[in-house]
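Asker: the sequence and its predicted three-dimensional model are supplied below.
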6 protein chains.
Amino acid sequence: MFMHNKRLQYTVRVGESNPGLANLMLEQFGGPQGELAAAMRYFTQSLGEDDPGRKDMLMDIATEELSHLEVIGTMVAMLNKGGKGRLSEAAEEEAELYRSITGAGNDSHLTQVLYGGGPALTHSAGTPWTAAYIDTIGEPTADLRSNIAAEARAKIVYERLINLTDDPGVKEALTFLMTREIAHQKSFEKALYAIEPNFPSGKLPGDPRFTHTYFNLSQGEGDMRGPWNQGEQWKYVETLPQQLAVDGGDGSSSAKLTQPEAALVAKMAARTASDPSLDPVTGAELGSDGVGGPVARLEKKKQ
Amino acid sequence: MFMHNKRLQYTVRVGESNPGLANLMLEQFGGPQGELAAAMRYFTQSLGEDDPGRKDMLMDIATEELSHLEVIGTMVAMLNKGGKGRLSEAAEEEAELYRSITGAGNDSHLTQVLYGGGPALTHSAGTPWTAAYIDTIGEPTADLRSNIAAEARAKIVYERLINLTDDPGVKEALTFLMTREIAHQKSFEKALYAIEPNFPSGKLPGDPRFTHTYFNLSQGEGDMRGPWNQGEQWKYVETLPQQLAVDGGDGSSSAKLTQPEAALVAKMAARTASDPSLDPVTGAELGSDGVGGPVARLEKKKQ
Amino acid sequence: MFMHNKRLQYTVRVGESNPGLANLMLEQFGGPQGELAAAMRYFTQSLGEDDPGRKDMLMDIATEELSHLEVIGTMVAMLNKGGKGRLSEAAEEEAELYRSITGAGNDSHLTQVLYGGGPALTHSAGTPWTAAYIDTIGEPTADLRSNIAAEARAKIVYERLINLTDDPGVKEALTFLMTREIAHQKSFEKALYAIEPNFPSGKLPGDPRFTHTYFNLSQGEGDMRGPWNQGEQWKYVETLPQQLAVDGGDGSSSAKLTQPEAALVAKMAARTASDPSLDPVTGAELGSDGVGGPVARLEKKKQ
Amino acid sequence: MFMHNKRLQYTVRVGESNPGLANLMLEQFGGPQGELAAAMRYFTQSLGEDDPGRKDMLMDIATEELSHLEVIGTMVAMLNKGGKGRLSEAAEEEAELYRSITGAGNDSHLTQVLYGGGPALTHSAGTPWTAAYIDTIGEPTADLRSNIAAEARAKIVYERLINLTDDPGVKEALTFLMTREIAHQKSFEKALYAIEPNFPSGKLPGDPRFTHTYFNLSQGEGDMRGPWNQGEQWKYVETLPQQLAVDGGDGSSSAKLTQPEAALVAKMAARTASDPSLDPVTGAELGSDGVGGPVARLEKKKQ
Amino acid sequence: MFMHNKRLQYTVRVGESNPGLANLMLEQFGGPQGELAAAMRYFTQSLGEDDPGRKDMLMDIATEELSHLEVIGTMVAMLNKGGKGRLSEAAEEEAELYRSITGAGNDSHLTQVLYGGGPALTHSAGTPWTAAYIDTIGEPTADLRSNIAAEARAKIVYERLINLTDDPGVKEALTFLMTREIAHQKSFEKALYAIEPNFPSGKLPGDPRFTHTYFNLSQGEGDMRGPWNQGEQWKYVETLPQQLAVDGGDGSSSAKLTQPEAALVAKMAARTASDPSLDPVTGAELGSDGVGGPVARLEKKKQ
Amino acid sequence: MFMHNKRLQYTVRVGESNPGLANLMLEQFGGPQGELAAAMRYFTQSLGEDDPGRKDMLMDIATEELSHLEVIGTMVAMLNKGGKGRLSEAAEEEAELYRSITGAGNDSHLTQVLYGGGPALTHSAGTPWTAAYIDTIGEPTADLRSNIAAEARAKIVYERLINLTDDPGVKEALTFLMTREIAHQKSFEKALYAIEPNFPSGKLPGDPRFTHTYFNLSQGEGDMRGPWNQGEQWKYVETLPQQLAVDGGDGSSSAKLTQPEAALVAKMAARTASDPSLDPVTGAELGSDGVGGPVARLEKKKQ
């Protein structure tokens, strides 16, 4: 069960109203790399997890991410507080208010007109948060890798936001949030490597003919070799004939159909064939200027 | 700040594996009327709220909804537990496993193949949860009404789910969750009516010519009168002429353009006019069977 | 069946081209609180409704909302008319045109570049309208409450837009539209209270142990009492032990598994256990600067 | 302004309850090729249109599509009517009701559990309708082509639905709706060809070096010639060197940077370079079974 | 199988950093009319196609569209290159950097803060690309019409972008891309008209009573006649009685219910009836200012 | 530039028509862990990448993923081929066809009715593919970690699909595709560790007070210690007072407002206060059965 204490995990001190900055901060509130995504990712994994250690760790971190969601959302609310009063009480002339709404920068107009200055679960350009951001699939060695990557991404987006403000209170709280992503990544790394083996994920082994092969499919000047495609552990395949139909077949596709199925498919094919021996006049030609004769002849003025 | 205790708000006892029922339950986990929507609705309102009473109440209830999200998600995980092991360890023949996946009912195949049996933030037909479900706009008399309605909807969806299972443990936990929606609705009603006045929402008064008017725009047999359109408080407008251009104007639209704008608009209009005096041959006619002459003449066999 | 008359329900007079304002108005055209959402909400409810009074009222109002959608969309088109000609005929130098597109404010660049100045079914930051905005569930006491809330929200968004413009024609038409939301809310209220009883929604009663309970889950300085949690009708539950496992159980979760299911789950658990007794070297340590010895030893320069 | 008459454009007679069929019909209610998409496509085009003929035609057809939306939605409601009562009144045992919900076929469980048997604006697998389905861009020769294509698609989906039912009332109404798509396509074709010229769309001519070129980019057995790439109007380009960098340049990309920009880009590149001369031990190797020595040496049992 | 050559199909030369222009270009990268939509449209059609000519043509063009996606994405990357370094290395003071991020125009802040200056698969206002943009239905005469329309739309969006920049390298590459849409449209037209007949799409004929009928559903001043509704091929239906229930029925809807179904529906109707004979006091009245007596009497101050 | 060869990278041999299996396979075609997501992830990263080695590797793998998209899509098309003919030619009685459509399993009805049997870019429950699945942020140490995780997830989903079919041709091709995910993961690992250092991502260091702290926020029976929260590198924080306001402040939030802003906020607060000293009668009480007196008195029968 969740409980809440009204004190924040980190004190929020905002230096002045700034709806434009508030809007950028939404990236970590309702954006793809933000705290709701993090909290829901770990929370749902914890619910589905049977391993007691991971289950506990995931809920510890999910709970902290909810607390971070509260911190970032509180910053958004504080940065919007002045603008919220202005819009709600319509204290200025319309033209002035219009300028303050559209001139605050980026998409803060949406935060104000649609959401009334409250923190909304959208990214900084107004797209509503979606669970499509969550990539959990219910297998721990894959999900922990997803978590590691998610923490690395969140760290970077915080870094960008920190670089964009000189409000010391905002900067300090963002630095705390950024730091915690580093700590979480470390926990997830430990939990991953405490599964042995953890690579490759799952039970089925790969087909040994193709686990060490690198296909050089993008060719031309700029081809590079590096540890990702050279060394004794790699078979580097370069020429086209080696890359096509690597199973040794002819690279075609086939499906066995029943007799009635084959008959129907043939019927459909005949009915909808594009006859390559035609050179039909087309709608585009009818619609072209100066195609001349045939179209002209076809056009008949209305009586 | 949020904290978590590993005990649930309500004990979950699942009688047997049932991935089909698990999938239906997702409605209240990642569906539009579900607990995540509820929790996020109240949580974001609380962050943006300045009134101390409402701020506290909203966070109390948001925290409880998160705890309910945990209860319903735990039920989903428990109902899927058996199937999860089966798929992960691939203990059966493929044909058998295929049947168990696709035959469990409704969209449980997604929960299993994509999400590995974990509780996913989707509705029962697999659409990811979206913050578009949240209708908060940052004005308390509107938002409290939205909350009241949301609780009423959630109550009904729980009622439907309760009617669909005879597993006593599931039924009992669902009944608890349903009950709490009733209690929450009552709290939101009290908070709404503790704002005086609360109708109409906002500051601007309506235009008194139109606040008491009812337009009978759907006409014919079946027209009904009731308190929603009759009585001394209503002006019932029935005939078409009374309903068009109720401002007394001509019902047209106009925009003042600058001279250069008008010239460009005219140029665009001329260039793209559909000339009503033509009767052009069209692509559809070219493509019709048996249109005959003109098309036939146009077709030229390829040399 | 629907019919249409070319006169608008309210005459639209736009004072000058203003793509930025046009874009903000999209909020009520293709936004979540806008007229399409309203029209489709009531239209679909009417189709599914069997009660003759509500069915008629819902279609009356749905039809009016479609007429409002036409009014607001017409305003958008009028406000964009000048810009549309400019872009279509490319009458200016590129740099000038670029400035006029990106400088008009907020997301009007999308309306112009992607939609060619036509009214698009998006909100003011470009997200396409989605039926996820519609919260109808097919139960009248819940749906009428949803409608009441929706009208309150729309009223507020109109109020905000009215505050943002000093074009008298635009202001007047918006005031008409805002006013009608008030009237509609009144109709829906009457229809709701004409159902007796209407609270709680649905057939199933709540569990009487929990219908009058308020859980104080957000604790600390700032706790407030008010009619939403105090008075003889409320049982106020404050301490943690009273809030956990309120059913009197242990707050755990359990699922009965068949013997083979249990065996598979155990097998999966063993295979994927995170062994808490390990202290493994992780990828993060490999990737850290200055971890020193172990990583250094592992790195081998390419021959 | 829109008005409504309670009589349908086509009488709906449903032979028996069939939630599974109802669910398939949603394809033309809230699906991508359905009537809402059609109505909104033409309605928004009409609002943005200045040409009086097209403006009128688009609104005529938009209004008819709304009337069709009503017909198809009414069919859905009628097909669900029996099931709606059953779920709402919970007249059966739970197990029986569960079977009737999940056994009705396809995604009808969503229609019932989430939407209570009402017609929902989703496609037949439950995805909410989105304005992303509408491809209007505000240029008449493009938009009319989009409309022509949309009518052709809708005609086919109706044809498929007609083939799936033997209920004569349903079949007849669907045939009416399908027929009207044919008529609408004809109107749009006429309006398109009444613009002269209409191909290519817009004002800017193509670069004459590339308007008649066909690049054979998919090569190998199965290459076909036909009117789409042969004849005097086509230049057929077959070999790779002719297809790369067709402007005669070197096919590279370049951006002029200012001096400070270039310095920063260089600094970023240095900081984040993947050094191709390394052969680092990776996380995957740490996690592999049997990599042996290095990993083993790194692992230290917890004290 | 796909292969790649590092040379572009068209050389990209960008004159200077311009994140605002980069963001507008996203329209053709991840926007609804952009190159990913085109490539995926034709690619998926080719996979599902059995006609050898169309299958080959569709893959030829799909492959070219992927190459165009690369060209436009490369332009976006080049236009953002300078800004990317600046943000990554945080070379400026925060206030300066903030201004450069939010002042670059339109939604370029998202490209920079969320996507780090890389080309993102969104449209120019930040909505992620969705396969809902693809309207393929697996019937060639419909799909080819969809392709024709898609090419016409893409041509126009390129035209608009060309008009917005005076960077000669950008203008030239955009002109190439625009030109190819013209060529593709021509190929699709040829393939469509090489199917005979191709109108109407599909197998089922329309109901001859309604294939030539035009319903004048939008009435009033502004009614226009043109080839889309006049001439011998059209039956123009104007008055309301002729348009309602065109099947000759009464325009009502009906569903045959079983006895138990009818009983349940009746029970539900009784339970949820809105009684038109009541004039209930409503929540809105409770919440109104000055309603006076009844509300006042109800309010009881807390003891 | 991309090129295409008509031979597949792996020969596809389908044993019999199976629309249900085809639908499950969509998971790897248009699902979140599928090949389009993989191809677009690496393709867009390559375009935005400046490091020559990574740029080349990313395009090599992107191109291979496109080729895999072709393989999986071809399998879907082959599995649907029989059903496609049946639906298109409507060869059976309607009731028979209906059964074959809705009885094929899971959501194959959508593939057939909406998409005509072609491979659609949706996941197995019909949600259209969205670029929200792509988590690229334009920083290599984060993006490579995202790629590593993505490959691990895709490997698992293939493993699940392999377990679900006994068609040897399908199984073999799926095994090839699964194997390649392993190889790709290895390449991405090598590229990540060839960046030194790569942890933490980005330039800014964490706040050293919080990089090694673990907050035990989920408490109670089940608390576990493991390498993720114990050992000399961790500071384990357990009690509530240590977790609140870890900055040493009071955990509150504050924003400095200008004088006019503060005045407006106060005005708004006063206008919208929920007065905790009231005990208002609410709408819920009006609507409750048996509330008795006050409501009864309010109700007035219509004259």
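Answerer: Sure thing, it's come through. Owing to the predicted nature of the structure, the values given are computational and were not obtained by experimental measurement.
Asker: residue A:33 against residue F:137, yeah?
Answerer: Yes: counting by CB atoms under 8 Å, residue A:33 touches residue F:137, with 6.6 Å between them. (Glycine included, C-beta is placed from N, CA and C.)
Asker: give me the common contacts of these two.
Answerer: Common neighbours of residue A:33 and residue F:137, counting by CB atoms under 8 Å, 6 or more residues apart in numbering or on different chains, are A:153, A:156, A:157, E:114.
Asker: neighbour-wise, give me the winner out of those.
Answerer: Highest neighbour count within the shared contacts of residue A:33 and residue F:137, by other CB atoms under 10 Å in any protein chain shown: residue A:153, with 28 neighbours.
Asker: which helix or strand contains it?
Answerer: For residue A:153, the host element (DSSP states H and E) is helix A:140-163.
Asker: what's the first helix or strand after that helix?
Answerer: Sequence-wise, the next helix or strand downstream of helix A:140-163 (DSSP H and E) is helix A:168-193.
Asker: that following helix near chain B at all?
Answerer: No: Helix A:168-193 lies out of reach of chain B by CB under 8 Å from any CB of the partner chain, never closer than 12.6 Å.
Asker: packing partners of that helix?
Answerer: On a contact count with 3 or more CB pairs under 8 Å, 6 or more residues apart in numbering or on different chains; DSSP states H and E, helix A:168-193 meets strand A:12-14, helix A:52-89, helix A:140-163, helix C:283-287, helix D:283-287, strand F:213-215.
Asker: so how far is the helix or strand that the last one is followed by from its chain's centroid?
Answerer: Proceeding C-terminally, strand F:213-215 gives way to strand F:218-219 as the next helix or strand, assigned by DSSP H and E. Its chain's average C-alpha position is 27 Å from that of strand F:218-219, according to CA atoms, centre = their mean, to the nearest Å.
Asker: excluding chain neighbours, what is closest to the residue in the stretch 1-150 of chain A that chain E sits nearest to?
Answerer: Nearest to chain E, among the residues of the stretch 1-150 of chain A, is residue A:125, at 2.9 Å (CB to the nearest CB). For residue A:125, ignoring the flanking residues on the chain, the nearest one in space by CB to CB, 6 or more residues apart in numbering or on different chains is residue E:126 at 2.9 Å.
Asker: any idea of the pLDDT on the residue nearest to residue A:31 when sequence neighbours are not counted?
Answerer: Distance criterion CB to CB, 6+ apart; nearest residue to residue A:31, sequence neighbours excluded, is residue A:123 at 3.6 Å. For residue A:123, the pLDDT comes out at 96.
Asker: spell out which parts of the stretch 51-200 of chain A neighbour chain B.
Answerer: Contact residues (CB under 8 Å from any CB) of the stretch 51-200 of chain A with chain B: A:56, A:59-60, A:62-63, A:66-67, A:69-70, A:73-74, A:76-77, A:80-81, A:84, A:88-90, A:114-122, A:128-132, A:134, A:136-139.
Asker: hang on, the residue of the stretch 1-150 of chain A closest to chain E in a strand?
Answerer: No: counting by DSSP: H, G, I helix; E, B strand; the rest coil, residue A:125 is not found in a strand; it is coil.
Asker: need the contact list for it.
Answerer: By CB under 8 Å, 6+ apart, the contact set of residue A:125 is A:106, A:107, C:125, C:126, E:107, E:109, E:110, E:122, E:125, E:126, E:127.
Asker: okay, now the first one: neighbour count?
Answerer: One way to gauge burial is a neighbour count; for residue A:106, by other CB under 10 Å, it gives 31.
Asker: which SS state does it fall under?
Answerer: Under three-state DSSP, residue A:106 comes out as coil.
Asker: please name the nearest non-neighbouring residue to residue A:223.
Answerer: Using CB to CB, 6+ apart, the nearest residue to residue A:223 is residue F:56, at 6.0 Å.
Asker: in this structure residue A:213 contacts residue F:184, no?
Answerer: No: using CB under 8 Å as the test, residue A:213 is too far from residue F:184 to be in contact (10.6 Å).
Asker: more neighbours: these two, which one.
Answerer: A count of neighbours by other CB under 10 Å puts residue F:184 above the other of residue A:213 and residue F:184, at 25 against 17.
Asker: so that one versus residue E:53, what's the distance?
Answerer: Separation of residue F:184 from residue E:53 (CB to CB, to the nearest Å): 35 Å.
Asker: pretty sure residue A:162 is touching residue F:206, no?
Answerer: No: contact criterion CB under 8 Å: residue A:162 and residue F:206 do not qualify, at 11.4 Å.
Asker: check the contact lists of the two and give me the overlap.
Answerer: The contact sets of residue A:162 and residue F:206 overlap at A:175, A:178 (CB under 8 Å, 6+ apart).
Asker: residue A:238 reaches residue A:214, doesn't it?
Answerer: No: using CB under 8 Å, residue A:238 makes no contact with residue A:214, being 9.2 Å away.
Asker: more neighbours: these two, which one.
Answerer: Neighbour count, other CB under 10 Å: between residue A:238 and residue A:214, residue A:214 has more, with 23 against 12.
Asker: please name the residues that touch the more buried one.
Answerer: Residues in contact with residue A:214 (CB under 8 Å, 6+ apart) are A:228, A:229, A:234, A:235, A:236, A:237, F:60, F:183, F:187.
Asker: one more time with 10 Å
Answerer: Residue A:214 is in contact with A:225, A:228-230, A:233-238, F:57, F:60-61, F:64, F:183-184, F:186-187, counting by CB atoms under 10 Å, 6 or more residues apart in numbering or on different chains.
Asker: try residue A:131
Answerer: A:36-37, A:40-41, A:44, B:30, B:36, B:120-123, B:127-131, F:132.
Asker: need the pLDDT of it.
Answerer: We have a pLDDT of 98 for residue A:131.
Asker: likewise for residue A:180?
Answerer: On pLDDT, residue A:180 comes in at 98.
Asker: what's the closest non-adjacent residue to it?
Answerer: Residue A:180 sits nearest to residue F:210 (CB to CB, 6+ apart), 6.1 Å away.
Asker: touching, the one you found and residue A:172? I think so.
Answerer: No: counting by CB atoms under 10 Å, residue F:210 stays clear of residue A:172, with 11.7 Å between them.
Asker: which of those two has more neighbours?
Answerer: Higher neighbour count among residue F:210 and residue A:172: residue F:210, with 21 against 17, using other CB under 10 Å.
Asker: taking the stretch 201-303 of chain A, what residue is nearest to chain B?
Answerer: Taking CB to the nearest CB, the stretch 201-303 of chain A has residue A:283 as its residue nearest chain B, at 3.1 Å.
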